[in-house]
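**Student:** Quick one: sequence plus predicted model below, questions after.
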Amino acid sequence: MTAPMTMSSNPTARILIASPDAALHDAVRAQVACDAFDTPARAMDAIAAARAAGRAYAVAILDQASSDDVARAWAVDAELRVVACVADPAPLLARHRRDGLLVLPCAVDASAIAQAARVLAHAHSVEAELRQAQKLQVVGQIAAGVAHEINTPIQYVGDNLVFVRESTEGLVALAAAVRDALDGVPEPHARALRDAIEAADTDFLVAELPEALSNLQTGVDRITTLVRAMRELVHPGTPDATPTDLNRALGNTLHVTANLYRYIADVDVDLAPLPPVTCLVADLNQVFLNLIVNAAHAMEDAGCRSSRRGRLGVRTRIDGDDVVVSIADTGTGIPEAVRERIFDAFFTTKSVGRGTGQGLAISRAIVVERHGGSLTFDTALGAGTTFHVRIPIAGPRDRSTPAASVAA
């Protein structure tokens, strides 16, 4: 048998096989994870159900396929890749000439079929990541533009608020001095001044204005911090790794995602002093964002609310030549049955519209493939999960040099 193909990254997009040959099911499934169906009709139902659930198959292996079978598959899911095993490829190729179709002779062995499915699944994963990256790039450009537009007027507000606060302090002092000096003012001038002071309700203004202006300053400072964090978070970064303050990057991500966890969890932040870490900070920002969003969703699923708040833990530490970033939640924990699949592309336990199944897969690729680090986790059902991001301090490590393991 031909040896299975080795890919540069793990192709984990979902695959199905439709064949009346049970032995072929077993032979293919021995080499690549897939769902098996004995008829094209049942396979089409599965393709439709998976797409409706937001977890579409990437590749369909159609054994003894007709051109109508392929047409029906694409009618259900136009983005599906198809490996068609046929006795005579001519009719199929005459009707269907497009990317995403690979025609093999029926006599080919299971190893070749599995290899073809693996190649197409890998291509599907790469294209999906590219589409996601393009979407994020557009969103990032829009967010950067909005942050820039907000930044200028908020600077005007902040600067003028400082002037108003300082001026108000002077007016409050003046009002107090006038009140103290009234005893030496002859009538009817004193009465006129007292009436004016009462009409202006200066006692109320003196008591409330400083606190009101202080609250305004707090709000402006918060907006300024959020805008700065957003501008840094969505910055496209550089193509080369550069020395970066990872603690600052984490802080920015916490600021931007605060609306996700503010009402369900308290935050424990323990950031050790770190040296500059040579990394692709824009990519790591995405990793931190994905992990914090997942943590918030896990705690929300666990019923964390104001009556029983969860805890989001964010910690950094130095471990030898690496920095380790740990992000913990008190959510539901990861079921044992799916722990080996959580880094698979398109695998998600979230409801439709809430998760795409790409966040952890992309995060792992960024940490492992681009930085030579590791992304691991500890979890306990009903207690929560902690993800550990290990990044070399000196810069992306050659993947042939294994990163040290993170202690559980």
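**Tutor:** Everything's here; your move. Numbers count the residues shown, from 1 in each chain.
**Student:** Please give the number of neighbouring residues around Thr242.
**Tutor:** Neighbour count of Thr242, defined by other C-beta atoms under 10 Å: 14. From N, CA and C alone the C-beta is placed, and that goes for glycine too.
**Student:** Spatially, and excluding backbone neighbours, which residue is closest to the residue most central in space within the chain.
**Tutor:** For the chain, Asn290 is the residue whose C-alpha lies nearest the centre (C-alpha atoms, centre = their mean; 2.6 Å). Setting aside the residues directly before and after it, Asn290 is nearest to Gly359 in space (C-beta to C-beta, 6 or more residues apart in numbering), at 3.9 Å.
**Student:** For that neighbour, give me its contacts.
**Tutor:** If you count contacts by C-beta atoms under 8 Å, 6 or more residues apart in numbering, Gly359 has them with 290, 293-294.
**Student:** Could you list the domains of the chain?
**Tutor:** 15-132, 133-231, 239-392 (automatic domain parsing).
**Student:** Now distance to Leu246 and secondary structure too, for the contacts of Gly359, in CSV please.
**Tutor:** Shown next, in CSV, are the contacts of Gly359 (distance: C-beta to C-beta, whole Å; DSSP: H, G, I helix; E, B strand; the rest coil):
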residue, distance to Leu246, secondary structure
Asn290, 16, helix
Val293, 18, helix
Asn294, 19, helix
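**Student:** Output those as TSV; include the columns pLDDT and distance to Ala176.
**Tutor:** Converted to TSV, these look like this (pLDDT from 0 to 100; distance: C-beta to C-beta, whole Å):
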residue	pLDDT	distance to Ala176
Asn290	87	56
Val293	88	52
Asn294	88	56
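**Student:** And the residues you listed, which is closest to Val164?
**Tutor:** Val293 (38.4 Å; C-beta to C-beta).
**Student:** Do I have it right that the closest one meets Leu260?
**Tutor:** Yes: if you go by C-beta atoms under 8 Å, Val293 and Leu260 touch, sitting 6.2 Å apart.
**Student:** Grab the nearest non-local neighbour of Ala114.
**Tutor:** Gln31 (3.9 Å).
**Student:** Can you show me the strands along the stretch 251-400 of the chain?
**Tutor:** Using DSSP state E, counting those that start in this stretch, the strands of the stretch 251-400 of the chain run over 265-271, 277-279, 310-319, 322-329, 374-380, 384-392.
**Student:** partners of the shortest one, with directions?
**Tutor:** Which is strand 277-279. Sheet pairing of strand 277-279 (DSSP bridges) gives strand 242-244 (antiparallel).
**Student:** Can you tell me how far the residue nearest to Arg339 when sequence neighbours are not counted is from Met299?
**Tutor:** Of all residues not flanking Arg339 in the chain, Thr379 sits nearest, at 7.0 Å (C-beta to C-beta, 6+ apart). Counting by C-beta to C-beta, to the nearest Å, the gap from Thr379 to Met299 is 14 Å.
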